[in-house]
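K.L.:
A predicted structure for the sequence below; I have some questions about it.
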Amino acid sequence: MAEADRRTIAEGNISGIELMRAAGSAITAEILARYPCPLAHILCGPGNNGGDGYVVARLLAQAGVPVKIWASAPPRESSDAAIAAAEAEAIAAPLAELSVEPGALVVDALYGAGLSKPLGSLEEAAFAKLHDAGAIIVAVDLPSGVSGDSGAVLGAAPTATLTVTFARKKPAHLLLPGKVLCGEVVVADIGIPDQIVEGLNVACFENDVRLWGAQFPKAAVDAHKYRRGHVGVFSAGPSATGAARLSAMAAARAGAGAVTLLSPANALAINAAHLTSIILRRSDGLPEAVEFLEARKPDALVYGPGLGPHPETGRFAVHLLNAARGLVGHIVLDADGLTASAPFAAELFAAAREKDASSLVLTPHEGEFGRLFPAIAADKSLSKLEKSRKAAAEANAIVLYKGADTVVAAPDGRASISTNGTPLLATAGSGDVLSGIVAALLAQKMPPFEAASAAVWLHAEAARRFGPGLIAEDLPMALLPALRALDAQLA
Ligand SMILES: NC(=O)C1=CN([C@@H]2O[C@H](COP(=O)(O)OP(=O)(O)OC[C@H]3O[C@@H](n4cnc5c(N)ncnc54)[C@H](OP(=O)(O)O)[C@@H]3O)[C@@H](O)[C@H]2O)[C@@H](O)CC1
Ligand SMILES: [K+]
């Protein structure tokens, strides 16, 4: 966003101090609309974040609210922040002497996009006082100490009730722990033209309908079941068949025209007892699986749920990817399929690069990610966003890195971050459902990055609409109201 600022100013549309005044005005409007303010404390740093704080101080005072300013350092000389501080016509007290009343309103304008190192004891002590006083904290751009690119805390950071940012959200507003520390996030329009933000070729997006709605499958008038996409799901043996059935049911509910469950012979009877519209086919090893691929050319496969983290599962995944070349559009590798592939990761990723290889979607949670990409996972300097992107590039796959802030990353660097996640999804089998939804959208010709992003969104939306008490068995059916609402929105 600093680049967007620079370009806006360079194009002569608006000067730096005008942008700062607009930012301060937007924050002040939010404060006055929400909080009764007998008194406000403004914490100001030396840069433009502090400059925004000085504008807020002036505007709140003009609105009749007494303000106290506490500065960690004076504004940089001859800067816009220095102009804003002069306009505020108030004397700042040293941050070290900070003292606030219980429940006080505090504007945190210490550091924002320019955070360059971990915060020290001065800020940490101030945040402890705010915490003890139960202060309502309004953060300017970001809670100070939260890194804008990663959402990580450098040294210390306060927990804000509200964060007002400008033009667009940054990764820190969406990624943990930043997401939680921001509280509610309001994006204020301060006059940075849309075309300047879009001209930055930003490749990281909030995962919502605007990102993938245009590619979301619509049933064609002349659709027949195989044109609506055929998904194949591999089932485990008799003691662990449920995971694959959850995936298969979800694929069917998410719009796949046909779903085949590939079951070992010894689990056929169990699977048959639980299935009606899902096609059941015997598949006891690679030759039978390949027979199916050659005969039916399914659009997408799900491999992994319930299969067990044995080496054979991993070896089979590599063989499957090789055998599927030219026959299958996409393979979703999930759960045990990921864990078991870890020793064969290099072969798997090489197979994903072969000509005509099926596109690969990997859906790890944190533990599976660590097993499949140990070096990337261990690199503490990387954010979840950067880890996902590096993994996608290494594997030449879409990486859907699950969690409360699920990231979907593509090998070309595009990434989406989920904002509608819900703890309701922390239930056994929920991931199996997600892999079925991904496969169904892929099978309906949605491009992989968009399909994976849309699946994450739909999965969470279904859970939210269902509410408490949700178990994975409910999720395929719970997709229906979410799909109906989406359909109406896209109509
Ligand atoms: N983008 C937009 O659309 C708009 C952005 N605007 C606003 O500008 C903000 C970005 O401003 P900014 O670039 O001046 O950076 P900012 O966050 O004030 O910090 C830099 C100063 O802090 C210092 N410093 C850093 N870390 C430190 C530490 N740990 N401990 C101690 N000191 C530390 C750092 O020192 P240095 O690194 O130079 O040693 C430097 O002096 C942005 O967040 C938004 O609020 C609006 O005004 C207009 C529209
Ligand atoms: K801040």
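P.N.:
Structure received. Residues are numbered from 1 along each chain as shown. Ligands and ions are numbered 1, 2, ... in the order given.
K.L.:
tell me, how many residues neighbour the spatially closest residue to residue 152 that is not a sequence neighbour?
P.N.:
Spatially, and ignoring its direct neighbours in sequence, residue 152 is nearest to residue 383 (6.4 Å; Cβ to Cβ, 6 or more residues apart in numbering). For glycine as for every other residue, the C-beta is placed from the backbone atoms N, C-alpha and C. Residue 383 has 19 neighbouring residues, counting by other Cβ atoms under 10 Å.
K.L.:
also residue 118?
P.N.:
Neighbours around residue 118, by other Cβ under 10 Å: 13.
K.L.:
which residues of the protein score low on pLDDT?
P.N.:
Scanning the chain for pLDDT under 70 picks out 1-6, 9, 12, 219-226.
K.L.:
close to ligand 1: what parts of it are there?
P.N.:
1-2, 4-5, 19-20, 23, 45-52, 76, 111-119, 140-141, 166-167, 190, 192 (Cβ under 6 Å from any ligand atom).
K.L.:
ok, and the closest non-adjacent residue to the most centrally placed residue in the chain?
P.N.:
Nearest to the mean C-alpha position of the chain, counting by Cα atoms, centre = their mean, stands residue 417 at 1.9 Å. Of all residues not flanking residue 417 in the chain, residue 174 sits nearest, at 4.0 Å (Cβ to Cβ, 6+ apart).
K.L.:
hmm, that neighbour is touching residue 419, no?
P.N.:
Yes: with contacts counted by Cβ atoms under 8 Å, residue 174 reaches residue 419, the gap being 5.8 Å.
K.L.:
ok, the two, which is more surrounded?
P.N.:
A count of neighbours by other Cβ under 10 Å puts residue 174 above the other of residue 174 and residue 419, at 24 against 17.
K.L.:
shouldn't residue 107 be within a strand?
P.N.:
Yes: counting by DSSP: H, G, I helix; E, B strand; the rest coil, residue 107 is found in a strand.
K.L.:
got the contact list for it?
P.N.:
27, 31, 40-43, 53, 56-57, 137-138, 140 (Cβ atoms under 8 Å, 6 or more residues apart in numbering).
K.L.:
residues near the closest residue to residue 101 other than its chain neighbours, how many?
P.N.:
Excluding the flanking residues, the one nearest residue 101 by Cβ to Cβ, 6+ apart is residue 133, at 6.8 Å. Residue 133 has 17 neighbours, counted by other Cβ under 10 Å.
K.L.:
for residue 133, phi and psi?
P.N.:
phi -80, psi 0 (degrees, to the nearest 10).
K.L.:
wait, it touches residue 100, no?
P.N.:
Yes: using Cβ under 8 Å, residue 133 makes contact with residue 100 at a distance of 4.8 Å.
K.L.:
follow-up on the earlier one: now, the contacts of residue 107 that are in strands?
P.N.:
40-43, 137-138, 140 (DSSP state E).
K.L.:
joint contacts of residue 174 and residue 419?
P.N.:
Going by Cβ under 8 Å, 6+ apart, residues that sit against residue 174 and also against residue 419 are residue 206.
K.L.:
and the end-to-end length of stretch 107-119?
P.N.:
17 Å (Cα to Cα, to the nearest Å).
K.L.:
excluding its backbone neighbours, what's nearest residue 327?
P.N.:
Nearest-residue entry for residue 327: residue 293, 4.6 Å, with adjacent residues in sequence omitted and distances by Cβ to Cβ, 6+ apart.
K.L.:
can you list the buried residues in the helix or strand that neighbour falls within?
P.N.:
Per DSSP states H and E, residue 293 falls inside helix 286-296. Within helix 286-296, the residues scored as buried using 16 or more other Cβ atoms under 10 Å are 289-290, 292-293, 296.
K.L.:
fine, thanks again, bye for now.
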